[in-house]
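Engineer: dropping a prediction and its sequence here:
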Amino acid sequence: MSYEMLLYEIACSFPALKLKGVHQGGIPGIEADEMDDSKLSDFLYKGSGAALSHGEILILEFLLNLMDPYIHTGFNLGVAMNVLGPKHMRALIDGIVRFYNRR
């Protein structure tokens, strides 16, 4: 499985992102064949991503951190543990395991 497809599948595993239409391209920078951290970051910090809930912002920051943890340092696991519900935490933990076991 390609790096992009894995990240896309991880993104699609979050119920909140499903509701936002992630499968239909509803979140800029998240596509099955291309994960673009620049587009996603611009959407989140400069575009309409500012209207998302705190939990949704944390999820997108998590995805950005997976893409490049040296550039996208905004994600905080402790905050996520206090904000996200069980289904989203399960998706986050499963995403971490899948991403780092891909090698």
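Structural biologist: Nice, I can see it.
Engineer: quick one: classify the closest residue in space to residue 20 that isn't next to it in sequence as helix, strand or coil.
Structural biologist: In space, and not counting its chain neighbours, residue 20 is closest to residue 26: 5.1 Å by Cβ to Cβ, 6 or more residues apart in numbering. Just so you know, the C-beta spots here come from the backbone N, C-alpha and C atoms, and that holds for glycine as well. Three-state call for residue 26 (DSSP: H, G, I helix; E, B strand; the rest coil): coil.
Engineer: isn't residue 26 right next to residue 16, touching?
Structural biologist: No - using Cβ atoms under 8 Å, residue 26 is not in contact with residue 16; the gap is 11.4 Å.
Engineer: neighbour count winner among those two?
Structural biologist: Taking neighbours as other Cβ atoms under 10 Å, residue 26 and residue 16 compare with residue 16 leading, 19 against 12.
Engineer: give me the nearest residue to that one, chain neighbours excluded.
Structural biologist: Of all residues not flanking residue 16 in the chain, residue 56 sits nearest, at 5.2 Å (Cβ to Cβ, 6+ apart).
Engineer: got the end-to-end distance for stretch 63-81?
Structural biologist: By Cα to Cα, to the nearest Å, the extent of stretch 63-81 from end to end equals 15 Å.
Engineer: contact partners of it?
Structural biologist: Stretch 63-81 is touched from outside by 7, 10-11, 30, 35, 37, 40-41, 44, 58, 61-62, 89, 92, 95-96, 99, with contacts defined as Cβ atoms under 8 Å, 6 or more residues apart in numbering.
Engineer: swap the cut-off to 6 Å and go again
Structural biologist: Residues outside stretch 63-81 that contact it (Cβ atoms under 6 Å, 6 or more residues apart in numbering) are 11, 37, 41, 58, 61-62, 99.
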